[in-house]
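K.L.:
no letters, just coordinates:
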């Protein structure tokens with residue numbers, strides 16, 4: 001396996017690891033994983049001759065875009081849960097205040 005192929009395989013594996021962490025709700029580790037993956041992609045793309053792997057790089061980019069969309073969906077679900085929790089807390093506080101009043 002060439003160095004470029006090995007690096008691309010490592011990038012794909014990193015992306016798979018990010019997806020697995022997202023699926024398992026290991027949200028605290030995601031920022032670091034994403035930063036390291038982003039740095040590795042930038043490093044790969046800066047290598048001489050990286051453009052010879054344009055098809056593989058586009059496939060990696062497409063996989064990243066799918067993962068980013070999954071992250072956005074997860075973020076939207078979490079924001080909705082937070083909103084509901086706030087509403088529940090406000091309702092409980094109002095109910096407790098009314099009962100005490």
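P.N.:
All right, it came through fine. Everything numeric here is computed off the predicted structure, so don't read it as measured data. Numbering: from 1, shown residues only.

K.L.:
and residue 95, how far is that from residue 88?
P.N.:
10 Å (Cβ to Cβ, to the nearest Å). Every C-beta, even on glycine, is put in place using the N, C-alpha and C of the backbone.

K.L.:
which strands and helices sit next to the helix-or-strand element of the chain with minimal mean pLDDT?
P.N.:
Using mean pLDDT, DSSP states H and E, helix 54-100 stands out as the lowest-scoring helix or strand of the chain, at a mean of 89. Under the contact criterion of 3 or more Cβ pairs under 8 Å, 6 or more residues apart in numbering; DSSP states H and E, helix 54-100 touches helix 3-23, helix 30-46.

K.L.:
contacts for the shortest one next, please.
P.N.:
In other words, helix 30-46. Contact with helix 30-46 is made by 4, 7-8, 10-11, 14-15, 17-18, 21-22, 50, 57, 60, 71, as judged by Cβ atoms under 8 Å, 6 or more residues apart in numbering.

K.L.:
closest to residue 28 out of these?
P.N.:
residue 21 (9.2 Å; Cβ to Cβ).

K.L.:
what about the closest one, how many residues nearby?
P.N.:
Using other Cβ atoms under 10 Å, residue 21 is surrounded by 16 other residues.

K.L.:
and for residue 47?
P.N.:
13.
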